[in-house]
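Chemist: with the input below, show me the fold.
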Amino acid sequence: MSEPHVKVGILSAENVKFTLTGIYSTSEVDVVTGSQEIAISESGMALKWNGATYTEVKFEPTSYLGDSFEIEGVTIGVNFHWERKENQRFRGSLLLKPIDGKITVINEVGIEEYLTSVISSEMSSTSSLPLLRAHAVISRSWVLAQIENRANNRDQCSSSGNNFKSVKGMIIRYWDHEDHKDFDVCADDHCQRYQGISRVSTPVAASAVADTRGEVLTYKGKLCDTRFSKCCGGVFEKFENCWEDVEHPYLQPRRDSVNELDYPDLTDEKNAEQWIMDSPQAFCNTTNSQILSQVLNNYDQETKNFYRWTESITQEKVKQLINSRLEMDLGDIIDLQPLKRGTSGRIYQLRIVGTKGDIVIGKELMIRRTLSDSHLYSSAFVVERKDLNSDGIPGCFILHGAGWGHGVGLCQIGAAIMGNRGYRYNEILSHYYPGSTLTKLY
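Modeler: Residues are numbered from 1 along each chain as shown. Presented below is the predicted three-dimensional model:
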């Protein structure tokens, strides 16, 4: 098997400014370089470039060694608390297509080049070599699984990406990766961070990719769906509590510790409350700034508390969020009641009780989005009602939480600690994906 290529969606806008460094060619123009600007046509069905109209434009580099292009104003951290715009530089080819009335920017690049950026974008390229090698393997496994899924189910891809179930008194929704019908993966946290060659600051990241070239995780001969998040909060979550109701034997609950099977039943409400309100030992329970600075990029380090965190939100704010997020008027919000918790203590069904009615929502990301202007760090939280008035309506809710992200698969901060303590990359992979096999594809 030769090295595959991946198509990555970078951004969508009505006007795209970019700079080509080196010599590029298109089907219409033999040589093009320098600053460029492409706009969407008035109909939204074509592109306007250099005084002409095109159905799409693809810029091919003449040399893959030095040619690169920079895109202006790429949004990173979409809808998260660190959202911002920055210019980013990429290698490979640049494809611009009119889709849904905007220009979609797609970068096609070799998997190994893509991975060098991913592990530098997801964390600092100064992380330990075992961690970077482990992340290279899971990032390669995941993206190849996405490409394989698209090839097998191309006509079944959802354009919305929303898996939605609504019955009386209940809204269950989860977001997954199958909504990218025009490219394989996107460049942001919805898939895995890919920020071109902008983040590659040392040869270590490239070395980690080269050392593991073609290596993936498999289970019974099939590519593993190697999910990962920033911090599990002490125990891993099961796949089916966050996404589709499908069990993956290699994505199972374990304690993020040497003693992997020593953890309480966090699906039990009392156990979950005790676990979240405590600060139990785990690899990811760390405040070691030196290690965290190696793992977290500058904007990630703006998040100071992640293993255990507290969020205060007024009743009025919750009411406004319900109105805007769910388009429902539940009146004053009386209570937030966890109904079902997963193996990490993350809530995947939450009842919101108001003076005019109540609603049950899930899964974990739906809960995180509904109760925040961006996202709560996780759905593993305990609810404290404060400042109750004579009608039992609280002035605010205090959420005592655990972890950062969905908690499924590799815990990046826990894996960083393991790498710092001398664990090899295959040992890190075995810890987070029990029962999987390290396999070389090419």
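Chemist: for D176, which non-adjacent residue is closest in space?
Modeler: W243 (5.3 Å; C-beta to C-beta, 6 or more residues apart in numbering). Yep, even glycine has a C-beta here, placed from its N, CA and C like the rest.
Chemist: pretty sure that neighbour contacts K363?
Modeler: Yes - under the criterion of C-beta atoms under 8 Å, W243 makes contact with K363 at 7.3 Å.
Chemist: before we move on, the earlier item: so who does the residue nearest to D176 touch?
Modeler: By C-beta atoms under 8 Å, 6 or more residues apart in numbering, the contact set of W243 is 163, 174, 176, 363.
Chemist: and stretch 46-56, what's buried?
Modeler: By 16 or more other C-beta atoms under 10 Å, the buried positions in stretch 46-56 come out as 47-49, 54, 56.
Chemist: which of the residues you listed sit farthest apart?
Modeler: Farthest pair in the buried residues of stretch 46-56 (C-beta to C-beta) is K48 and E56. Separation: 12.3 Å.
Chemist: can I get the CA coordinates of the longest helix seen in the chain in CSV?
Modeler: Identified as the longest helix of the chain according to DSSP state H is helix 129-152. Presented in CSV, the C-alpha positions along helix 129-152 are these (Å, rounded to 0.1, in the frame of the first residue of the first chain):
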residue,chain,number,x,y,z
LEU,A,129,8.8,11.7,21.8
PRO,A,130,6.7,8.8,23.1
LEU,A,131,3.7,11.0,23.3
LEU,A,132,4.2,12.4,19.8
ARG,A,133,4.7,8.9,18.4
ALA,A,134,1.5,7.7,20.1
HIS,A,135,-0.4,10.7,18.8
ALA,A,136,1.0,10.2,15.3
VAL,A,137,-0.3,6.6,15.3
ILE,A,138,-3.8,7.5,16.5
SER,A,139,-4.1,10.5,14.2
ARG,A,140,-3.1,8.4,11.3
SER,A,141,-5.5,5.6,12.3
TRP,A,142,-8.4,8.1,12.7
VAL,A,143,-8.0,10.0,9.4
LEU,A,144,-7.5,6.7,7.4
ALA,A,145,-10.7,5.4,9.1
GLN,A,146,-12.5,8.6,8.0
ILE,A,147,-11.3,8.2,4.4
GLU,A,148,-12.3,4.6,4.4
ASN,A,149,-15.8,5.4,5.8
ARG,A,150,-16.3,8.1,3.1
ALA,A,151,-15.3,5.7,0.4
ASN,A,152,-17.7,3.0,1.6
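Chemist: buried residues in stretch 209-223?
Modeler: So, applying 16+ other C-beta under 10 Å, buried residues of stretch 209-223: 209, 212, 214-219, 223.
Chemist: turn those into a markdown table, including distance to I322, secondary structure and pLDDT.
Modeler: Formatted as a markdown table, the buried residues of stretch 209-223 follow (distance: C-beta to C-beta, whole Å; DSSP: H, G, I helix; E, B strand; the rest coil; pLDDT from 0 to 100):
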| residue | distance to I322 | secondary structure | pLDDT |
| --- | --- | --- | --- |
| V209 | 45 | helix | 94 |
| T212 | 46 | coil | 98 |
| G214 | 48 | coil | 97 |
| E215 | 46 | strand | 98 |
| V216 | 42 | strand | 98 |
| L217 | 40 | strand | 98 |
| T218 | 43 | strand | 98 |
| Y219 | 40 | strand | 98 |
| L223 | 39 | strand | 97 |
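Chemist: count the neighbours of the closest residue to E273 other than its chain neighbours for me.
Modeler: Once flanking residues are discounted, E273 sits nearest to V382: 5.0 Å by C-beta to C-beta, 6+ apart. V382 is flanked by 20 other residues according to other C-beta atoms under 10 Å.
Chemist: give me the secondary structure label for V382.
Modeler: strand (DSSP: H, G, I helix; E, B strand; the rest coil).
Chemist: so what's it up against?
Modeler: Shown in contact with V382 (C-beta under 8 Å, 6+ apart): 272-273, 276-277, 399-401.
Chemist: drop anything exposed from the residues you listed.
Modeler: Applying 16+ other C-beta under 10 Å to the contacts of V382, the neighbour count classes 272-273, 276, 399-401 as buried.
Chemist: farthest pair in the residues you listed?
Modeler: A272 and L399 (13.2 Å).
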